[in-house]
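Colleague: sequence isn't available, so here's the structure alone:
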């Protein structure tokens, strides 16, 4: 695996020098300042590459921009409304510019309206660390009594509605405001964030779009852009839904292995691939992460290695971001499956035999609490995770355990 690190640009509280000291081999970044649907220009791409390539004092860092995360897909494309055709044309042009800059891997997602969703961005753990957490009762309290979505009660058991009412009644006004901010904070690093009224407006635009319609629109998008990516030698990889179940009445279509397989089969090209995020997919007990890596491995172009702990046995229950080697995902088994896939690629002569990986998220520990990095992206917490993942890979490759491939 190639060990990479997500960087949000010069405003990131974790610097290029910090990344270098962490021992990363490449960088994952995006042009967050470019509006969704607009073209990524060669000048903007080049400027970001130069920022990555140099330390604050101007010395070469030796690092390069390996993975784009994300080249966002507009809501117009997802709904096939408004400027969606122009946005697809702009997306294709951006792919041309990315390829010309020598970047080959593009991560994106097809989640409507909101990206990852959490109810608490700094949940306190018993050891003093903090992490991101999703609480289904808190979320229901937001949906029912803060957002006041008309269809929110539909499909919710009475017991959960009663629990949400009790939770809401116990909250102070500042706690209610904080909950709303956490949920509508949008994509990390992006300019987009919603007021409650804006969120209601966005949800209304999806009122007549179910999972089948959204999936058909997704396939239409891929039918347009994947031939371009294939011609350019690019590898596009869709990130799973986070969390991997419906929220706010919005359909989620990339939550399970079956979801991925339908999309891979519909647009059958090596350029149409998977971002295997063990944290997002691991929230569902029915997702077999080592098995998914084994079965879909030839189309896995990017790895997000993180862990989550399910706090209940209910399909849409609470969970929190765990330490990388704890939680419900067997990280050793996942990395072993990755190394087997890389060996198969080397044997087949594939140029992409080494799969880029990043230690996704991390708990805030030690000095992270004062640094106030992007939610989920602490310096020390991620460094700890990277060291642990690096240790697993090193051990599995050691000749004494039959590795060394």
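Modeller: All right, it came through fine. Here the structure is a predicted model, which means the values were calculated and not measured. Numbering: from 1, shown residues only.
Colleague: what packs against the helix or strand harbouring residue 4?
Modeller: Element membership of residue 4 [criterion: DSSP states H and E] is strand 2-6. Here strand 2-6 touches strand 26-29, strand 65-69, strand 356-359, helix 379-397, going by 3 or more Cβ pairs under 8 Å, 6 or more residues apart in numbering; DSSP states H and E. No exception for glycine: its C-beta is placed from N, CA and C like everyone else's.
Colleague: now do 10 Å
Modeller: With contacts taken as 3 or more Cβ pairs under 10 Å, 6 or more residues apart in numbering; DSSP states H and E, strand 2-6 sits against helix 16-22, strand 26-29, strand 65-69, strand 105-108, strand 300-305, strand 356-359, helix 379-397.
Colleague: how about the nearest residue to residue 246 once chain neighbours are set aside, what does it touch?
Modeller: Using Cβ to Cβ, 6 or more residues apart in numbering and skipping residues adjacent in sequence, the residue nearest residue 246 is residue 252, 5.2 Å away. Contact analysis of residue 252 by Cβ atoms under 10 Å, 6 or more residues apart in numbering lists 110-112, 211, 214, 240-246, 259.
Colleague: using JSON lines, lay out these together with pLDDT and distance to residue 233.
Modeller: Below are these laid out as JSON lines (pLDDT from 0 to 100; distance: Cβ to Cβ, whole Å):
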{"residue": "110", "pLDDT": "97", "distance to residue 233": "23"}
{"residue": "111", "pLDDT": "95", "distance to residue 233": "27"}
{"residue": "112", "pLDDT": "94", "distance to residue 233": "30"}
{"residue": "211", "pLDDT": "97", "distance to residue 233": "32"}
{"residue": "214", "pLDDT": "98", "distance to residue 233": "29"}
{"residue": "240", "pLDDT": "98", "distance to residue 233": "25"}
{"residue": "241", "pLDDT": "96", "distance to residue 233": "28"}
{"residue": "242", "pLDDT": "94", "distance to residue 233": "28"}
{"residue": "243", "pLDDT": "95", "distance to residue 233": "33"}
{"residue": "244", "pLDDT": "95", "distance to residue 233": "30"}
{"residue": "245", "pLDDT": "93", "distance to residue 233": "35"}
{"residue": "246", "pLDDT": "91", "distance to residue 233": "36"}
{"residue": "259", "pLDDT": "98", "distance to residue 233": "26"}
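Colleague: among those residues, which lie within helices?
Modeller: Using DSSP state H, the subset of the contacts of residue 252 located in helices is 211, 214, 259.
Colleague: just the buried members of these?
Modeller: Taking 16 or more other Cβ atoms under 10 Å as the criterion, what is buried in the ones in helices among the contacts of residue 252 is 214, 259.
Colleague: residues touching residue 241, list them.
Modeller: Contacts for residue 241 were tallied using Cβ under 10 Å, 6+ apart; they are 109-112, 115-117, 247, 250-256, 259, 277, 280-281, 283-284.
Colleague: one step back: what angle separates the strand holding residue 4 from strand 65-69?
Modeller: 50 degrees (axes from the mean of the first three to the mean of the last three Cα atoms, to 10 degrees).
Colleague: one step back: A helix includes the residue nearest to residue 246, no?
Modeller: No. Counting by DSSP: H, G, I helix; E, B strand; the rest coil, residue 252 is located in no helix; its state is coil.
Colleague: tell me the pLDDT at it?
Modeller: Residue 252 is assigned 93 on the pLDDT scale.
Colleague: measure the spatially most central residue of the chain to residue 124 for me?
Modeller: For the chain, the residue nearest the mean C-alpha position is residue 239 (5.5 Å; Cα atoms, centre = their mean). According to Cβ to Cβ, to the nearest Å, residue 239 and residue 124 sit 28 Å apart.
Colleague: re earlier: now render the helices and strands packed on strand 2-6 as TSV, adding distance to residue 142 and mean pLDDT.
Modeller: Below are these laid out as TSV (distance: least, Cβ to Cβ, whole Å; pLDDT from 0 to 100):
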stretch	distance to residue 142	mean pLDDT
helix 16-22	34	94
strand 26-29	30	98
strand 65-69	27	97
strand 105-108	27	98
strand 300-305	26	98
strand 356-359	30	97
helix 379-397	26	96
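Colleague: could I get the ones you listed in JSON lines, plus columns for mean neighbour count and distance to residue 174?
Modeller: Formatted as JSON lines, the helices and strands packed on strand 2-6 follow (neighbours: other Cβ atoms under 10 Å; distance: least, Cβ to Cβ, whole Å):
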{"stretch": "helix 16-22", "mean neighbour count": "17", "distance to residue 174": "33"}
{"stretch": "strand 26-29", "mean neighbour count": "22", "distance to residue 174": "34"}
{"stretch": "strand 65-69", "mean neighbour count": "25", "distance to residue 174": "33"}
{"stretch": "strand 105-108", "mean neighbour count": "24", "distance to residue 174": "35"}
{"stretch": "strand 300-305", "mean neighbour count": "25", "distance to residue 174": "33"}
{"stretch": "strand 356-359", "mean neighbour count": "26", "distance to residue 174": "33"}
{"stretch": "helix 379-397", "mean neighbour count": "19", "distance to residue 174": "26"}
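Colleague: okay if I get these as JSON lines plus distance to residue 168?
Modeller: Output for the helices and strands packed on strand 2-6, formatted as JSON lines (distance: least, Cβ to Cβ, whole Å):
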{"stretch": "helix 16-22", "distance to residue 168": "40"}
{"stretch": "strand 26-29", "distance to residue 168": "38"}
{"stretch": "strand 65-69", "distance to residue 168": "35"}
{"stretch": "strand 105-108", "distance to residue 168": "35"}
{"stretch": "strand 300-305", "distance to residue 168": "33"}
{"stretch": "strand 356-359", "distance to residue 168": "36"}
{"stretch": "helix 379-397", "distance to residue 168": "31"}
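Colleague: wait, which of the ones you listed is closest to residue 224?
Modeller: strand 105-108 (13.5 Å; Cβ to Cβ).
Colleague: which residues are in contact with that closest one?
Modeller: Residues contacting strand 105-108 (Cβ under 10 Å, 6+ apart): 2, 4, 6, 26, 28, 30, 66-73, 91, 94-95, 98-99, 221, 225, 229, 234-239, 271, 273-275, 277, 301-302, 304, 352, 355-356, 358.
Colleague: quick check, residue 128 in contact with residue 122.
Modeller: No. Counting by Cβ atoms under 10 Å, residue 128 does not reach residue 122; the two are 11.7 Å apart.
Colleague: the more surrounded of the two?
Modeller: More neighbours surround residue 122 than the other of residue 128 and residue 122, with 17 against 11 (other Cβ atoms under 10 Å).
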